[in-house]
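Trainee: below are the sequence and a predicted model for it; my questions follow.
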Amino acid sequence: MTWLLIESSVQLSTPSLLLMAGAGVVASALALVFLWLANRDVKATLYWALSPICLGLSMILFGVQNELPLSVRYLLPNLFGQAALILVLIGCYHACERALPLRQIVCYYGAFLLIHCIFTYVVSNYASRLILGMITLTITSGWIWTCLYRFGRPRYSVSLVLISLSLGFLSFFALGKAFDVLSDPAVSSLQQDHTLKAQLFVVSLFMSQLVFNFAFAIMTGEYRNAKNREIQQQLIESNQALQQEKQRAEQHSKMKSEFLANMSHEIRTPINGVIGCLNLLLSHDLAAQQKQYAKLADASAHSLLGVINDILDFSKIESGKLEISPDSVDLYELVDSVAKSFAITLDQKQLTLLVDCHALKHRFVRLDPIRTRQILTNLLSNAVKFTDSGTLQLNLACEEVAVSASREAITTLQCDVIDSGIGIQPEARHKLFSSFSQCDASTTRKYGGTGLGLAIAKQLCKLMHGDIELVDSTEPGAHFRFHFQVEAQKGGLWGRDIAPSDARIAVLSQHPRLTQVLCQQLEALGCQTQVLMLPLAGEISHDVLILDMTEPAYQEKQLEALRALSGSRKILAICNMQCEIQRETVFAQHQITVVYPPVTAKDLVQMFSEQCGSKLPEPVTTESPLRGVRVLLAEDNPINQVVASKMLAAWEVEVQLAESGKQAVDMLKAMPEHALPDLVLMDCQMPVMDGYEATRHIRSSPELEACRDLPIIALTANAMQGERTTCLACGMSGYVSKPIQADVLQAEMLKMLVDKAAGQTQ
């Protein structure tokens, strides 16, 4: 009776209700379309937007079912209805970021269509089709719920509740209609089914779709929130990882700095002894040959020091802490010291290095001598390394480009290094100025090297407002050029002041290029030159004869020609050590002065001062400014003790020696105030008590109150950036790095004494 009353109150027919519900579902689908347009990066929203469109089409097709062709009248509405739920299922898998079980879905949907076709075209039965539709609808709903519950429950807690209610509501009316369908066998389609349960099922589809709309909108928000939380967590983890990497990098940097500092100290300490002893040796009166040997050894020691500096400088360049320190420099001296450092290697490989400075308009300039020497050494080292035979060229030139505020000329110094070696392949040139790389792995195996030389040279040139480039590289040979700005010093060329304006110089050589370079440099110095060829012919009139004896095949003929020349002429022979030993008697007989190749402008200037009688002014002997100064030297290395002691003794300094920081402190404690030293030279790395701790103890101990203002100069082989700051922070007054340069140490000592005197006056 109740059902009859309810049914009698329903005014709308089932087809009308289907059409209205279909129109409503299509209208509600627009909301999901906009949801998809706003969240196109969330792939699930596309399927959720398509689902209500399919459902709306299905309901409209059910509403006009009688108007459809018989072949598709029953198939199309059910096809779109089931497709709507399948699209929701696919969207849920995407929302849960799970792999789509495409094969199972296709098989499931295919089975539904197959069975539906059987109940449509083979055994046409409305009840069977309806039961099939309701069962598959319930199965699909359960599949959707299972997917969300299994894979999305933690993420989609709110939307899962709404979808569960919607699916439960829909399944309840679907199964209710499925069980009730057999009660009225006369009904042949849903359009003809005007029962209340059929119409409630239609309404449940429409209501479920509306609930789906809300659920999908909430699910999209929950998806966004979950993604945001994941991104936040990733950011937190990334920040933590970056922090750990930063700490690890800082630790590695600290370890590297400590390693380089230790290596610097361990290597510089013996080099200080070598260079110091050579300087002491050169300060004595030596025979010409002994002096030449000592100079070669000194140049080689400085070359070794340059290798160490390369490693340290690369570390400084990486950290951006490399500094340029301009100073007044004699370019002739600088180039000579660099070129002479390769003398032994050139002799062993039988290479000729031509040093041409005739285009230098300024000899005395302000530049960083250490960095310039470093660039020249790196380029020449590569040229010698990669050249097995032939000739190397080192050409220097400079031109004025501007005038500085101090009215000094700003000059561009240009240097070309040209070799006849293996050359550089075009495809490998991009590696030239890269750190730790050479053009070919086979090159590294054959020639060795760290691959730092050119990279450091490039950075140094840029720091000095210049650059370096590969001008040309044919096979064989390579041509490098670098340039940077320098400040020219007032005054002319020293060589022109020494060379007589009418000096006549004859050059006898079988090497055309060497002859050309010598003549160009001599003419730049204001001399008249004459080129001689063997055999000598005609009257020869000259003041100085330069004899090139580097070619063994011509030595006998050259010596025979000498016998025909007047013995009063001055002769300068260019030869190697072996030749000098073999021809020692002949050289002594003819009073021949020997110069080892490579011959530089400094050699030619020195030739004038020694051979042409135009001597340089002898330095006026004055009393040492440090005479009588009392110094406490704290140094543990025996060789460095000798070097420093002899250096100080040459300045008439009274030296007391301590072999550790503790001994230095104890000695100061034991001294009466009137016997305290004027200053302390403190080595930083010593056993028992190092220089840092000893200095802190001197500055803070009550027993050493009288030593609070005592100047303490650090002597350290650690040349790393920041070492000066470390020394000053612990209480030291000054800083001198090893190998010790006599002029630098003397200047620092004088500065400390002046500051001390000024402080006492105040």
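Mentor: Now that the structure is in, tell me what you want to look at.

Trainee: use CA for all of it now, contacts and neighbours both
Mentor: Noted.

Trainee: please enumerate the helices of the stretch 351-500 of the chain.
Mentor: 369-385, 441-447, 453-463, 494-498 (DSSP state H, counting those that start in this stretch).

Trainee: where does pLDDT dip in the stretch 301-450 of the chain?
Mentor: Across the stretch 301-450 of the chain, the ranges flagged by pLDDT under 70 are 303, 306-307, 309-322, 400-408, 425-450.

Trainee: what mean pLDDT would you report for the host helix or strand of residue 506?
Mentor: When elements are assigned from DSSP states H and E, residue 506 belongs to strand 504-508. The average of the pLDDT scores along strand 504-508 is 80.

Trainee: the next helix or strand after it to strand 504-508, inter-axis angle?
Mentor: Counting by DSSP H and E, the element after strand 504-508 in chain order, helix or strand, is helix 512-524. Angle of helix 512-524 versus strand 504-508, following axes from the mean of the first three to the mean of the last three Cα atoms, to 10 degrees, is 170 degrees.

Trainee: quick one: contacts of helix 512-524?
Mentor: The contact list for helix 512-524, computed with Cα atoms under 8 Å, 6 or more residues apart in numbering, reads 354-359, 505, 507-509, 528-531, 601, 604.

Trainee: which one of the residues you listed is nearest to residue 383?
Mentor: residue 354 (12.4 Å; Cα to Cα).

Trainee: count the neighbours of the closest residue to the closest one other than its chain neighbours for me.
Mentor: Once flanking residues are discounted, residue 354 sits nearest to residue 393: 4.8 Å by Cα to Cα, 6 or more residues apart in numbering. When neighbours are counted by other Cα atoms under 10 Å, residue 393 registers 21.

Trainee: if residue 393 is in a bridge, with which residues?
Mentor: Residue 393 has these beta-bridge partners by DSSP bridges: residue 354, residue 418.

Trainee: list the buried ones in stretch 161-169?
Mentor: Residues of stretch 161-169 classed as buried by neighbour count (16 or more other Cα atoms under 10 Å): 162, 163, 164, 166, 167, 168, 169.

Trainee: check stretch 636-643 too.
Mentor: Buried-residue list, stretch 636-643, by 16+ other Cα under 10 Å: 636, 637, 639, 640, 641, 642, 643.

Trainee: before we move on, what about stretch 728-743?
Mentor: 728, 730, 731, 732, 733, 734, 735, 736, 737, 738, 739, 740.

Trainee: chain center to stretch 241-256, what's the gap?
Mentor: Distance of stretch 241-256 from its chain centroid, counting by Cα atoms, centre = their mean, to the nearest Å, is 16 Å.

Trainee: ok, now stretch 724-734?
Mentor: 30 Å.

Trainee: let's have the chain start at 30 instead
Mentor: In the new numbering, first residue 30, that becomes stretch 753-763.

Trainee: helix, strand or coil for residue 175?
Mentor: helix (DSSP: H, G, I helix; E, B strand; the rest coil).

Trainee: let's see the pLDDT reported for it.
Mentor: On the pLDDT scale, residue 175 gets 87.

Trainee: can you give me the distance of it to residue 181?
Mentor: 10 Å (Cα to Cα, to the nearest Å).

Trainee: pick out whichever of the two has more residues nearby.
Mentor: Applying other Cα under 10 Å to residue 175 and residue 181 shows that residue 181 carries more neighbours, namely 22 against 14.

Trainee: what's the separation between that one and residue 173?
Mentor: Distance, residue 181 to residue 173, by Cα to Cα: 11 Å.

Trainee: same deal with residue 132?
Mentor: Distance from residue 132 to residue 173, by Cα to Cα: 16 Å.

Trainee: quick one, which of these two is more surrounded?
Mentor: residue 173 (23 against 9).

Trainee: confirm for me that that one is in contact with residue 121.
Mentor: Yes - judged on Cα atoms under 8 Å, residue 173 makes contact with residue 121 at a distance of 7.0 Å.

Trainee: and the helices in the stretch 180-329 of the chain?
Mentor: Using DSSP H, counting those that start in this stretch, the helices of the stretch 180-329 of the chain run over 186-209, 225-311, 317-348.

Trainee: contacts only, for residue 496.
Mentor: Counting by Cα under 8 Å, 6+ apart, residue 496 has contacts 487, 490, 511, 512, 513.

Trainee: state the distance from the residue nearest to it when sequence neighbours are not counted to residue 255.
Mentor: Excluding its sequence neighbours, the residue lying closest to residue 496 (Cα to Cα, 6+ apart) is residue 490, at 4.9 Å. When distance is defined by Cα to Cα, residue 490 is 55 Å away from residue 255.

Trainee: what bridges to residue 576?
Mentor: Counting by DSSP bridges, the residues bridging with residue 576 are residue 537, residue 602.

Trainee: so what's the residue count around it?
Mentor: Around residue 576 there are 25 residues (other Cα under 10 Å).

Trainee: do the one 10 residues further on as well
Mentor: In terms of burial, residue 586 registers 12 neighbours under the definition other Cα under 10 Å.

Trainee: so for it, what's the pLDDT?
Mentor: 74.

Trainee: check contacts around it.
Mentor: By Cα under 8 Å, 6+ apart, the contact set of residue 586 is 563, 564.

Trainee: element containing it, please.
Mentor: In this structure, residue 586 is located in helix 584-592 according to DSSP H and E.

Trainee: you'd agree residue 177 is up against residue 125?
Mentor: Yes - between residue 177 and residue 125 there is a contact at 7.2 Å, judged by Cα under 8 Å.

Trainee: between the two, who's got more neighbours?
Mentor: Taking other Cα under 10 Å, residue 177 and residue 125 do not tie; residue 177 has more neighbours (24 against 19).

Trainee: residues contacting the residue nearest to residue 154 when sequence neighbours are not counted?
Mentor: What sits nearest to residue 154 in space, not counting adjacent residues and going by Cα to Cα, 6+ apart, is residue 148, at 5.7 Å. By Cα under 8 Å, 6+ apart, the contact set of residue 148 is 154, 155, 157, 158.

Trainee: domain parsing for the protein?
Mentor: As assigned by automatic domain parsing, the chain contains the domains 37-267, 317-521, 533-640, 659-790.

Trainee: and the gap between residue 453 and residue 151?
Mentor: In terms of Cα to Cα, residue 453 sits 85 Å off from residue 151.
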